[in-house]
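1. One predicted model, sequence on top.
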Amino acid sequence: METPAQGLGAEPRNRPSAGARLRLWLTDQGTPVLVVLLLLLAWEVAVRLFKVPQFILPGPWEIVRRMVVDWRLILANSTVTIEETLIGFAVSTLVGIPLAIGIVYSPLFEKVSYTVIVSLQTIPKVALAPILVLWFGYGLMPKVAVAFLISFFPIVISTVVGLRSVEQEMIYLARSLGASELQTFIKIRFPKALPNTFGGLKVGIGEAVVGSVVGEFIAAEKGLGYLQLVSNVHLDTVLTFAAVVAISLVGVVLFYAMSAVERLVIPWHQATQGR
Amino acid sequence: MPAGMSVEIENIRKLYHTRRGEDVEALSEVSTSIQAGEFVSVVGPSGCGKSTMMMLVSGLIKPSAGRIMVDHEMVTRPRSGVGIVFQRDVLLEWRSVLDNVLLPIEIKHLSRAAYVDKARDLLRLVGLEGFEAKYPSELSGGMRQRVAICRALVQEPGLLLMDEPFGALDALTREQMNVDLQRMWSLAGNTVVFITHSIEEAVFLSDRVLVMSPRPGRVVADLQVDLDRPRGSVARKDSKLVGLVDHIRHLFQVHGVLSEK
């Protein structure tokens, strides 16, 4: 008899002490953090050493200082960008997933929609933004539209891949049990696709941030893209950089938020990754 | 306890249409009769159509000619009372072990409560007691395949179809699985059609072994295995078993499947 306990890493290991954990974290995460800090330091030193004018390249210290001083301004504009991003992303998800289902279940729909989706994907969204402004005006809509257009492609493709990843044997098994098409979808295909879908959602949410910022570049009265553009015009390069950092932070936060949702929805998949 | 189902295979042929428009004959004129409660193995080289035969009996695919009767009823589509195990366990990764075993019950809209005990019993029988709440990813390959077997047995099928169920397992696990399967079968009393390319496994497990020729597959020998049960590791060295294994190996040599060169 194969002993059931074999091959299992499920036994809780002895928890190391706090000091040991800190040391583990430092060797694990410490090196990348250290490298980033060194790069920032080199940047700061170079800027001071060569007396680079601030409107060309401010040092990281100056950028951080500005972010602290102008936090209200940055936060207010971040909220705008986040709102546009989330709405665009939500629309992407609500359109993308049903589209993927349609593609997997109907060969005709696949042929028609793939052509449209791929041709749409190959158009640079920056090129579409002015047209969207023409149609939707200066408000929320054009930014949401760009965010949507740029983020729905990865969601569709990854969901299609996921829905198709079901093994033929599994389908046979379902059919041998007399499962209906709907049952097969709900109990097998859809959950099977979720890890892929979440991969697409994580890519998509980052893309959506890019989309709303691009939308703001074209025509806006608020948002981080707008803030960056305006500060650039005024040669307020420190604020321009601050806005860039804020955009990046928004992307990072939304990405990790998505990862947290993923862990909640498909905890079993984390288990397969041994985390 | 459900009685086993009988299987009648009458002159079946199966042609596959390739993309080039040619017909490939997978099975040619196969006939056999399997009694209720019998354990029958089908051995043959890769591509001899033995999996096709199992798929035909399951009703998942249709024969090009001939007919198949299960429990005296003609098979036209998948019917209830038939359990299937494939080489890949195809467990659902998002379901616990217990929920995987209960999948057939859920799909058939049967009462879960009525089968939970049965599922737990089956898991205990294969040594997976205490693993009910685990995810498949936490199990070894052999344990996963045990879960797949429990899933096939939970609805107490009269006929169990197994397509190289131990083909992906290491040799030691495989031997243990043979012994475990024998025990489960002796308790369940169902009919088993067991597809394998391991001659020894076929002989060890079966009441009867059907030997298939290379494509187009035909049954070239139908051999009875008169060996007492339960068969343990000692039985593997039994002269009758060894003799049968040699005989089948010789048949494969005659049909050009095995070569001395």
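-> Alright, I've got the coordinates.

2. what's the span of stretch B:7-25, first residue to last?
-> Stretch B:7-25 has its terminal residues 22 Å apart, counting by Cα to Cα, to the nearest Å.

3. all helices of the stretch 1-150 of chain A, in order?
-> A:18-25, A:31-49, A:60-69, A:71-105, A:107-122, A:125-136, A:140-164 (DSSP state H, counting those that start in this stretch).

4. Just the buried residues of the second one, please?
-> By 16 or more other Cβ atoms under 10 Å in any protein chain shown, the buried positions in helix A:31-49 come out as A:43, A:47. (Glycine included, C-beta is placed from N, CA and C.)

5. Equivalent analysis for stretch B:15-24, please.
-> For stretch B:15-24, burial by neighbour count (16+ other Cβ under 10 Å) applies to no residue.

6. got the CA coordinates for stretch B:141-151 in PDB?
-> Taking C-alpha atoms only, stretch B:141-151 is exported to PDB below (Å, rounded to 0.1, in the frame of the first residue of the first chain):
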ATOM      1  CA  GLY B 141      -0.500  10.300  -9.300                       C
ATOM      2  CA  GLY B 142      -1.600   6.900  -7.800                       C
ATOM      3  CA  MET B 143      -3.800   8.600  -5.300                       C
ATOM      4  CA  ARG B 144      -5.400  10.700  -8.000                       C
ATOM      5  CA  GLN B 145      -6.200   7.700 -10.100                       C
ATOM      6  CA  ARG B 146      -7.700   6.000  -7.100                       C
ATOM      7  CA  VAL B 147     -10.100   9.000  -6.700                       C
ATOM      8  CA  ALA B 148     -11.000   8.600 -10.400                       C
ATOM      9  CA  ILE B 149     -11.800   4.900  -9.800                       C
ATOM     10  CA  CYS B 150     -14.000   5.900  -6.800                       C
ATOM     11  CA  ARG B 151     -15.700   8.400  -9.000                       C
END
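
7. what comes into contact with it?
-> A:2, A:4, A:7, B:83, B:85-86, B:89-91, B:97, B:100-101, B:103-104, B:119, B:122-123, B:126-128, B:131, B:136, B:139, B:165-166, B:168-170, B:173, B:176-177, B:180-181, B:184 (Cβ atoms under 8 Å, 6 or more residues apart in numbering or on different chains).

8. And residue B:78, how far from residue B:89?
-> 20 Å (Cβ to Cβ, to the nearest Å).

9. got it, and residue B:83?
-> For residue B:83 relative to residue B:89 (Cβ to Cβ), the value is 14 Å.

10. Could you turn the buried ones of the contacts of stretch B:141-151 into a PyMOL selection?
-> Those of the contacts of stretch B:141-151 that count as buried under 16+ other Cβ under 10 Å are selected in PyMOL with:
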select buried, (chain A and resi 2+4) or (chain B and resi 83+85+86+89+90+91+97+100+101+103+104+119+122+123+126+127+128+131+136+139+165+166+168+169+173+176+177+180+181+184)
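
11. quick one: which of the contacts of stretch B:141-151 sit in strands?
-> B:83, B:85 (DSSP state E).

12. now, which of the contacts of stretch B:141-151 lie within helices?
-> Taking DSSP state H, the ones among the contacts of stretch B:141-151 that sit in helices are B:97, B:100-101, B:103-104, B:119, B:122-123, B:173, B:176-177, B:180-181, B:184.

13. so which of those residues are also by chain A?
-> Within the set of the ones in helices among the contacts of stretch B:141-151, contact with chain A (Cβ under 8 Å from any Cβ of the partner chain) is found for B:103-104, B:173, B:176.

14. pLDDT added to the residues you listed, as CSV?
-> Output for these, formatted as CSV (pLDDT from 0 to 100):
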residue, pLDDT
B:103, 96
B:104, 96
B:173, 91
B:176, 91
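
15. Nearest to residue A:107 among these?
-> For residue A:107, the nearest member of these is residue B:103. The distance, counting by Cβ to Cβ, is 28.4 Å.

16. right, and the closest one touches residue B:97 too?
-> No: if you go by Cβ atoms under 8 Å, residue B:103 and residue B:97 don't touch, sitting 11.1 Å apart.

17. what's the closest of the helices of the stretch 1-150 of chain A to chain B?
-> Of all the helices of the stretch 1-150 of chain A, helix A:140-164 sits nearest to chain B, with 12.3 Å by Cβ to the nearest Cβ.

18. for the closest one, what is the average pLDDT?
-> Averaged over helix A:140-164, pLDDT sits at 95.

19. Just confirm yes or no for it near chain B.
-> No: judged by Cβ under 8 Å from any Cβ, helix A:140-164 stays clear of chain B, getting no closer than 12.3 Å.

20. so that helix versus helix A:71-105, what angle?
-> Between the axes of helix A:140-164 and helix A:71-105, defined by axes from the mean of the first three to the mean of the last three Cα atoms, to 10 degrees, the angle is 40 degrees.

21. buried ones in helix A:140-164?
-> Within helix A:140-164, the residues that count as buried by 16+ other Cβ under 10 Å are A:140-163.

22. tell me the SS of residue B:26?
-> With DSSP: H, G, I helix; E, B strand; the rest coil as the basis, the three-state label of residue B:26 is strand.

23. number of nearby residues for it?
-> Residue B:26 has 23 neighbouring residues, counting by other Cβ atoms under 10 Å in any protein chain shown.

24. And the residue nearest to it when sequence neighbours are not counted, how far from residue B:109?
-> Leaving aside its chain neighbours, residue B:26 sits nearest to residue B:49 (4.1 Å; criterion: Cβ to Cβ, 6 or more residues apart in numbering or on different chains). From residue B:49 across to residue B:109, the span is 35 Å (Cβ to Cβ).

25. can you tell me how far residue B:167 sits from chain A?
-> Look at residue B:167 and chain A: by Cβ to the nearest Cβ, to the nearest Å, they are 12 Å apart.

26. Touching, that residue and residue B:197? I think so.
-> Yes: in terms of Cβ under 8 Å, residue B:167 counts as a neighbour of residue B:197; the distance is 7.5 Å.

27. Between residue B:49 and residue B:109, point out the one with more neighbours.
-> Under the neighbour definition other Cβ under 10 Å, residue B:49 and residue B:109 were set side by side, and residue B:49 has more, 28 against 9.

28. Surely the more buried one is in contact with residue B:219?
-> No: using Cβ under 8 Å, residue B:49 is not in contact with residue B:219; the gap is 10.4 Å.

29. Residues in contact with both of these two, list them for me.
-> By the contact definition Cβ under 8 Å, 6+ apart, residue B:49 and residue B:219 are jointly contacted by residue B:212.

30. got the residues of the stretch 51-200 of chain B near chain A?
-> Contact residues (Cβ under 8 Å from any Cβ) of the stretch 51-200 of chain B with chain A: B:55, B:58-60, B:78, B:80, B:82, B:84, B:86-88, B:90, B:92-95, B:103-104, B:106-108, B:127-131, B:134-135, B:137-140, B:142-143, B:173, B:176.

31. Report pLDDT for residue B:236.
-> The model's pLDDT for residue B:236 equals 87.

32. now residue A:255
-> On the pLDDT scale, residue A:255 is placed at 95.

33. now swap in the one 3 residues further on and tell me
-> At residue A:258 the predicted local confidence, pLDDT, stands at 95.

34. what does residue B:150 give?
-> 95.

35. Apart from its chain neighbours, what residue comes closest to it?
-> Nearest residue to residue B:150 in three dimensions, chain neighbours excluded: residue B:122, at 4.1 Å (Cβ to Cβ, 6+ apart).

36. The one you found is in contact with residue B:154, isn't it?
-> Yes: here residue B:122 reaches residue B:154: they are 6.3 Å apart, a contact under Cβ under 8 Å.

37. Done for today, thanks.
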